[in-house]
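Colleague: return a 3D structure for these sequence lines:
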Amino acid sequence: MQDLAGWDRMITKASLNLKFLGVGNSIDEIMRSLKGDGSLTLGKGEVRGLDIAGMLRRLDTSYVGEGQKTIFDGIAGTFTILDGNLTTSDLSLVAPYLTASGAGASGWGTAISTCGCARPPSRETVRAPAA
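Modeller: Below is the predicted model of the structure:
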């Protein structure tokens, strides 16, 4: 992430597959015509400055803490793009104290809309998405 976006709060290895096409005579026409699909898989890693387990333990979503981090076993999801709108229905996060799933959508020039569900992992072995 540091090399791609100058962002060093996430440490992981990632795999991104992306296939899309857009045509038009302006940026707006191209963006609104986009169609395709893709997938994103993040292997084991951490997000610095965000302690989800600490937030849950304290029941305080504003909890961050100096040097805090969220360790995860994997994050994955697939998405489709149609008429410039990206949608996903299978986002997943697997972490030592939490598993979460989600879905969402974002269109050209619109806010991201998401919904999700989080739960403690079962006593059985939790498997991370394949890297």
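Colleague: tell me the confidence at the residue of the chain positioned farthest from its centre?
Modeller: Of all residues in the chain, residue 25 has its C-alpha farthest from the mean position, at 31.7 Å, by Cα atoms, centre = their mean. Looking at residue 25, its pLDDT reads 97.
Colleague: so it is in which element?
Modeller: For residue 25, there is no enclosing helix or strand under DSSP states H and E.
Colleague: and if you look at residue 19?
Modeller: strand 14-21.
Colleague: in its sheet, what does that strand sit against?
Modeller: The strands that strand 14-21 pairs with in its sheet are strand 35-42 (antiparallel) (by DSSP bridges).
Colleague: outside of the strand holding residue 19, which residues touch it?
Modeller: If you take Cβ atoms under 8 Å, 6 or more residues apart in numbering as the criterion, strand 14-21 is touched by 1, 33-43, 81, 131. Every C-beta, even on glycine, is put in place using the N, C-alpha and C of the backbone.
Colleague: helices along the protein, start to end?
Modeller: Taking DSSP state H as the test, the helices found in the chain are 2-5, 27-33, 52-58.
Colleague: still on that earlier bit, for the strand holding residue 19, which residues meet the burial criterion?
Modeller: In terms of neighbour count (16 or more other Cβ atoms under 10 Å), strand 14-21 has no buried residues at all.
Colleague: stretch 78-97 too?
Modeller: In stretch 78-97, counting by 16+ other Cβ under 10 Å, buried: 79, 81, 84, 86, 88, 91, 92, 93, 94, 95.
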